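Chemist: this is a predicted model, with the sequence first.
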Amino acid sequence: MHVGGQGVSELRRADGEMQWSDSTAMLVKQLVRRAIAQRTPVERRFSEQQREYDVRVTPQGPDRAIMVIRAVLPGASADSDESSGIRPRPHLDRRGFLRRLADSIALAGLREQPLSLAVVHLDGITDIAHVIGMRVSEQILNAVIVRLWSLLNSGSDAREQPGWYLGQLSENVLALVMHTSDRDTIDAQVTQLCSSLHEPVAVDSAEYRLTVHAGVAILDSTITSPRALLEHARAAASEARRAAAGSISFYSDTVRLRSLARLDFARELREAMENGDIRCRYVGRYDLATGRLVAWVGYVRWEHTLRGIVRPAEFLRVAASTGLAVELSQSILASLARDFTAFGKDYAPDVRISFGGLRDHLFQEHFVSDVERMLASGELPAERLELRIAEKTFITREPQGLRSLQTRGVQIVADEVGRGMSSLIALARAPLAGLQLDRSLITAVHNDAVARRVCAAGLAIAASLGVSSSALGIDDHKTRDTLLEMGCRFGSGDLYPDRPSNITAAAPAVAVIS
């Protein structure tokens, strides 16, 4: 650990070394660990030798952080931020909140008083931090929490409002404790809170909107710990997210059964990964003008012994929510060399095998090293590998790490072009070899003028960047001819064969996943 202290002379000994009290040293250690674990800056104010200090810890990697301590000037106000124009949010300490929640549950049990907990997900904060910057996401979070604080403290008669307090569980999850079990009162309070969060937040002359989902758990005799109440509220919030509805989800027996079913599903998913039961079907990508095969692309497939074919949308969501996404992506990546050995030598030397990692895997610092480790075996030449990254995922990832793969011959393709958010600057700077239009655009190209214009724009971008263009959903000759006229070179769909003839159903999985 390296420290300074020139600007905080009170914290230095006569010999120039730092002299922190045990409490300050412990606080610093906790803040550094929290900042690195959450990958977001944290701030705190503390007292040392009868003086007030502000400390800010900013993570710089998996094992290091920069910490700045400054003395609070006499008369300085904590209610304004001149650089951002947004007041700092009220202090929300996660550990302090959990301790207070435990006390509230204990008192409610002893006094037989009602208690409820709402967990609120702020979808969009993480993407804003990745795409635009950490500073902007912090300012947005500051603004919404200050707004909530003012909202929950307002009211013509405080006696009409249930007792409440607010906490922050992570960078995009808030918690609200209410001393009531009346559903109508809870629904009104949380609905008002969510409506406030839905309102746009202005930062740096731009407006940002968040998507909000809330779940509520009411304390009963079966709940004996803060963890249990939190798990119930989180399960209800997850149900609200899956429903994609504006209504609030209350924890119930139905939600509990669904939650337990998902846990069983996650266990089955892990077993399927270990047993190699997650397999694939292959889709060929062809030259639209000549019909020549240029790549085999695999889509992950799980054929369950009892459930039958499990749609990727179902188990990939479970993998992401249970922490199995990275492991699943790594297992599929590790099988690429075996897949290539199974059919690669029977095709032209320029036919590639295409792989796309799960979003969670792509954001890991070891993603590139995982790919390089697979290539090191020598079974799959780098020039025969294509990495596909969904456009909305790709623009949130710095391309520097991918350039080392490009120099080895790996081709990188931006997938799902035209779906969701986009960044021309990010695409122009990236080491791309191609763009692939999203299937939803291609299937609508004949009867939707907007889809046709977006396709034309995507193909124009590919041409201006000097990269190849391809499309999914080439299901008939009419669509193929239309895309050819628009300038698309490659494509795949029902018009073409869907798998190499010498690959059996038991082949290891190759996936293109967004």
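Modeler: Okay, I see it. Numbering: from 1, shown residues only.
Chemist: residue 120: how many residues sit nearby?
Modeler: 25 (other CB atoms under 10 Å). Where you see a C-beta, it was placed from the backbone N, CA and C, and this is true even at glycine.
Chemist: shouldn't it be within a strand?
Modeler: Yes - membership of residue 120 in a strand is supported by DSSP: H, G, I helix; E, B strand; the rest coil.
Chemist: in stretch 180-195, which residues are buried?
Modeler: 180-181, 185-186, 189-190, 193-194 (16 or more other CB atoms under 10 Å).
Chemist: oh, that last question was meant for stretch 94-101, not what I typed.
Modeler: 97-98, 101.
Chemist: returning to what we had before: now the buried residues of stretch 180-195 in a markdown table, with distance to residue 174?
Modeler: Listed next are the buried residues of stretch 180-195 as a markdown table, based on distance: CB to CB, whole Å:
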| residue | distance to residue 174 |
| --- | --- |
| 180 | 18 |
| 181 | 20 |
| 185 | 19 |
| 186 | 15 |
| 189 | 13 |
| 190 | 11 |
| 193 | 9 |
| 194 | 11 |
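Chemist: how about those, which pair is most distant?
Modeler: Longest distance between any two of those is 19.6 Å, between 181 and 194; criterion CB to CB.
Chemist: just to revisit the earlier point, the buried residues of stretch 180-195 in helices, which ones?
Modeler: Secondary structure from DSSP state H places 185-186, 189-190, 193-194 of these in helices.
Chemist: tell me the one of those residues nearest residue 288?
Modeler: residue 194 (47.6 Å).
Chemist: what's across from the closest residue in space to that closest one that isn't next to it in sequence in the sheet?
Modeler: Of all residues not flanking residue 194 in the chain, residue 212 sits nearest, at 4.7 Å (CB to CB, 6 or more residues apart in numbering). Note on residue 212: beta-bridge partners residue 122, judged by DSSP bridges.
Chemist: my read: residue 212 touches residue 197, true?
Modeler: Yes - between residue 212 and residue 197 there is a contact under CB atoms under 8 Å: 4.6 Å.
Chemist: joint contacts of these two?
Modeler: With contacts defined as CB atoms under 8 Å, 6 or more residues apart in numbering, the residues shared by residue 212 and residue 197 are 120, 122.
Chemist: including secondary structure, could the buried residues of stretch 94-101 go into CSV?
Modeler: CSV is the format used below for the buried residues of stretch 94-101 (three-state DSSP):
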residue, secondary structure
97, helix
98, helix
101, helix
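Chemist: next one: phi and psi at the closest residue in space to residue 328 that isn't next to it in sequence?
Modeler: Nearest non-adjacent residue to residue 328, counting by CB to CB, 6+ apart: residue 319, 5.0 Å away. With angles defined as degrees, to the nearest 10, residue 319 sits at phi -60, psi -40.
Chemist: ok, now residue 22?
Modeler: phi -60, psi -40.
Chemist: tell me how many other residues crowd it.
Modeler: 7.
Chemist: tell me, what's the model's pLDDT at it?
Modeler: With respect to pLDDT, residue 22 has a value of 79.
Chemist: how about residue 418?
Modeler: For residue 418, pLDDT reads 73.
Chemist: next one: residue 483
Modeler: pLDDT for residue 483: 93.
Chemist: do residue 94 as well
Modeler: 72.
Chemist: quick check: it vs residue 226, distance?
Modeler: 12 Å (CB to CB, to the nearest Å).
Chemist: residue 190 too?
Modeler: 19 Å.
Chemist: and the closest residue in space to residue 137 that isn't next to it in sequence, what does it touch?
Modeler: Nearest non-adjacent residue to residue 137, counting by CB to CB, 6+ apart: residue 129, 3.8 Å away. By CB under 8 Å, 6+ apart, the contact list for residue 129 reads 40, 136-137, 171.
Chemist: go through those and name the one nearest residue 388.
Modeler: Minimum distance to residue 388 across these is 27.4 Å, recorded for residue 137 (CB to CB).
Chemist: doesn't residue 122 make contact with the closest one?
Modeler: No - using CB under 8 Å, residue 137 makes no contact with residue 122, being 9.9 Å away.
Chemist: pLDDT averaged over stretch 291-300 - what is it?
Modeler: Averaging pLDDT along stretch 291-300 yields 86.
Chemist: quick one: the helices in the stretch 201-350 of the chain, in order.
Modeler: Using DSSP state H, counting those that start in this stretch, the helices found in the stretch 201-350 of the chain span residues 226-243, 253-275, 312-321, 325-334, 336-343.
Chemist: could you give the angle of the first one to helix 312-321?
Modeler: On the basis of axes from the mean of the first three to the mean of the last three CA atoms, to 10 degrees, helix 226-243 is oriented at 150 degrees to helix 312-321.
Chemist: any residues touching helix 226-243, and which ones?
Modeler: 98, 101-102, 105, 117-121, 123, 169, 175, 213-217, 219, 222-223, 247-251, 255-256, 258-259, 321.
Chemist: just the buried ones from those residues?
Modeler: By 16+ other CB under 10 Å, the contacts of helix 226-243 give 98, 101, 105, 117-121, 169, 175, 213-217, 219, 223, 248-251, 255, 259 as buried.
Chemist: thinking again about what came up before, burial check on the residue nearest to residue 194, number of neighbours?
Modeler: 22.
Chemist: again, but for residue 377
Modeler: 12.
Chemist: any stretches of the stretch 151-300 of the chain with poor pLDDT?
Modeler: For the stretch 151-300 of the chain, the stretches with pLDDT under 70 are 153-162, 204-205, 243-247, 253-264.
Chemist: now the stretch 301-450 of the chain
Modeler: 321, 344-345, 394-400, 420-423.
Chemist: for it, what spans make up the strands?
Modeler: Remark: strands assigned in the stretch 301-450 of the chain by DSSP state E, counting those that start in this stretch are 308-310, 352-355, 385-390, 411-417, 434-437.
Chemist: for the last one, output the C-alpha coordinates as CSV.
Modeler: Read that as strand 434-437. The C-alpha trace of strand 434-437 is given here as CSV (Å, rounded to 0.1, in the frame of the first residue of the first chain):
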residue,chain,number,x,y,z
GLY,A,434,-17.6,-7.3,-40.2
LEU,A,435,-21.1,-6.3,-39.2
GLN,A,436,-24.1,-8.6,-39.0
LEU,A,437,-27.7,-7.2,-39.3
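Chemist: relative to it, what are the paired strands and their orientations?
Modeler: By DSSP bridges, strand 434-437 pairs with strand 411-417 (parallel), strand 468-472 (parallel).
Chemist: next: the third one.
Modeler: Next to strand 385-390 in the sheet, as set by DSSP bridges, lie strand 352-355 (parallel), strand 411-417 (parallel).
Chemist: and the contacts of that strand?
Modeler: 295, 297, 336, 352-357, 359, 362, 371, 375, 397, 402, 405, 409-416, 419, 433, 436, 512, 514.
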